[in-house]
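S.K.: Show me the folded form of this:
(chains A, B, C and D, ligands or ions: 2)
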Protein chains: 2
Amino acid sequence: MIIMFSKACEYSIKAVIYLATRSEQNQRARLPEIAEAIGSPEAFTAKILQELARKKLLISVKGPKGGFELNGDADEISLYKIVEIMDGDSLFHGCALGFKKCSDVHPCPVHNKFKAIRDHLTGVLLTTSIKEAAGTVDEGQSFLTSLK
Amino acid sequence: MIIMFSKACEYSIKAVIYLATRSEQNQRARLPEIAEAIGSPEAFTAKILQELARKKLLISVKGPKGGFELNGDADEISLYKIVEIMDGDSLFHGCALGFKKCSDVHPCPVHNKFKAIRDHLTGVLLTTSIKEAAGTVDEGQSFLTSLK
DNA sequence: ATAAAAAAGGACAATTTTATCCGAATTAAG
DNA sequence: CTTAATTCGGATAAAATTGTCCTTTTTTAT
Ligand code: SF4
Ligand code: SF4
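M.R.: Ligands and ions are numbered 1, 2, ... in the order given. Here you go, the predicted structure:
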């Protein structure tokens, strides 16, 4: 199937955007609240937030009044960064057709067309900050969970 | 991870393109030859070819001199068709962020940007025939397997 | 008819991804 | 200092995907 992101990546993106919607108030959010807000399984989300904290994208605070918050400015965190953290940086050099290496001198039959798509995706992820994404949520123009 | 295609889909695409490179000569290809040509595990590839034959994209012929061949003209089979067969048609309506439904009235925070990417991908798959893809292989300009 | 060649199909195994559970560690507050 | 709130980490489970193996069926060629 055509998957753009793994579940882990999907939840990461939504969780970080959610945190960004609350960062103005510098409010931490706790796990149950985050999972609720983005409609993700709580225990699995915990693992993901841990990972994001280990990789310094989030700050986690234990104990009462603890929770998770962004480590840094929302406008300096790109979607690319999140994806990179969850899947390593070999991602955007990975290959839709399973080649070891995407190369102009040994291309697959759809090289140019697929490369354009990948560049398109990479560009969007690089240039979209979570502040931008969170902004539309704050204004009620977009949502972090699906209609049932 | 950012996956564009499952392995099943990846092998399907490569197998069908491979068959297209041989369809001029109206040559059938047998499983071992196909798997060899596209660098895929033979038994798994067998399952996939079976599925493609069941769905009438290929014709399979049992017995000596049997094998697989395209069912129809290579220039009338799009990459889209292959992907659709392997994953059902809900694919291009699926959601990178796991929404039940991608909707302009209840959009995710990156709706417009992601929609553009998906439309880009869909367009490429719809407009690329396997004849076109196979052509560049025939001319030695592209390849079906990676360099090691 | 017979034998050989091939795909078909079913059962199963390995791997990866997704998910749950629970006890331990840490921290804040009283 | 004690307690409660919270994340952390390890073990494990469930599900999906990928992969293998073996027997049966069909077909061609002799
Ligand atoms: S363009 Fe072709 S070779 Fe390069 S990553 Fe995409 S599918 Fe692989
Ligand atoms: S645009 Fe947003 S809602 Fe629509 S499919 Fe993509 S991620 Fe899902």
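S.K.: what does the model give the residue sitting furthest away from the middle of chain A for pLDDT?
M.R.: Residue farthest from the centre of chain A, counting by Cα atoms, centre = their mean, is A:Val105 at 32.4 Å. According to the prediction, A:Val105 has pLDDT 89.
S.K.: and it, which of the three is it?
M.R.: Under DSSP: H, G, I helix; E, B strand; the rest coil, A:Val105 falls in the coil class.
S.K.: Please report phi then psi for it.
M.R.: Main-chain dihedrals, A:Val105, degrees, to the nearest 10: phi -90, psi -10.
S.K.: show me what contacts it?
M.R.: Going by Cβ atoms under 8 Å, 6 or more residues apart in numbering or on different chains, A:Val105 touches no other residue. C-beta coordinates here come from the backbone N, C-alpha and C atoms, glycine included.
S.K.: hey, which helix is longest across chain A?
M.R.: In chain A, taking DSSP state H as the definition, the longest helix is helix A:111-127.
S.K.: if you average pLDDT over that one, what comes out?
M.R.: The pLDDT scores in helix A:111-127 average 92.
S.K.: Isn't A:His106 up against B:Thr145?
M.R.: No: in this structure, A:His106 is not within contact of B:Thr145 by Cβ atoms under 8 Å, at 9.4 Å.
S.K.: In terms of neighbours, single out the busier of those two.
M.R.: B:Thr145 (18 against 15; other Cβ atoms under 10 Å in any protein chain shown).
S.K.: A:Asp138 contacts A:Thr21, correct?
M.R.: Yes: counting by Cβ under 8 Å, A:Asp138 does reach A:Thr21; the two are 5.4 Å apart.
S.K.: Those two - which one has more neighbours?
M.R.: A:Thr21 (22 against 14).
S.K.: separation between the more buried one and chain B?
M.R.: Distance of A:Thr21 to chain B, computed by Cβ to the nearest Cβ, to the nearest Å: 9 Å.
S.K.: ok, for that residue, nearest residue in space, not its chain neighbours?
M.R.: Excluding its sequence neighbours, the residue lying closest to A:Thr21 (Cβ to Cβ, 6 or more residues apart in numbering or on different chains) is A:Ala134, at 4.5 Å.
S.K.: Same check on A:Leu19?
M.R.: Using Cβ to Cβ, 6+ apart, the closest residue to A:Leu19 is A:Leu70 (5.2 Å).
S.K.: Would you map the helices across chain A?
M.R.: Using DSSP H, helices in chain A cover A:7-21, A:31-38, A:42-54, A:79-87, A:111-127, A:130-138.
S.K.: Which positions within the longest one qualify as buried?
M.R.: By neighbour count, with 16 or more other Cβ atoms under 10 Å in any protein chain shown as the criterion, the buried positions of helix A:111-127 are A:His111, A:Lys113, A:Phe114, A:Ile117, A:Arg118, A:Leu121, A:Val124, A:Leu125.
S.K.: ok, now which ones touch the first one?
M.R.: With contact set as Cβ under 8 Å, 6+ apart, A:His111 has these partners: A:Cys102, A:Asp104, B:Ser142.
S.K.: do that again at 7 Å, thanks
M.R.: A:His111 is in contact with B:Ser142, counting by Cβ atoms under 7 Å, 6 or more residues apart in numbering or on different chains.
S.K.: just the buried residues of helix A:111-127 that are near ligand 1?
M.R.: A:His111, A:Phe114 (Cβ under 6 Å from any ligand atom).
S.K.: now the buried residues of helix A:111-127 as TSV including distance to DNA strand C?
M.R.: Shown next, in TSV, are the buried residues of helix A:111-127 (distance: Cβ to the nearest atom of the strand, whole Å):
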residue	distance to DNA strand C
A:His111	24
A:Lys113	25
A:Phe114	20
A:Ile117	21
A:Arg118	18
A:Leu121	18
A:Val124	21
A:Leu125	18
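S.K.: From the buried residues of helix A:111-127, pick the one nearest A:Lys56.
M.R.: Set against A:Lys56, the nearest of the buried residues of helix A:111-127 by Cβ to Cβ is A:Leu125 (18.8 Å).
S.K.: I'd say the closest one and A:Lys81 touch.
M.R.: No: at 8.5 Å, A:Leu125 does not count as touching A:Lys81 under the criterion of Cβ atoms under 7 Å.
S.K.: is ligand 2 contacted by stretch A:131-138?
M.R.: No: residues of stretch A:131-138 contacting ligand 2 under Cβ under 6 Å from any ligand atom: none, with a closest distance of 10.4 Å.
S.K.: Buried residues, that stretch. List them.
M.R.: For stretch A:131-138, by 16+ other Cβ under 10 Å, it's A:Lys131, A:Glu132, A:Ala133, A:Ala134, A:Gly135, A:Thr136, A:Val137.
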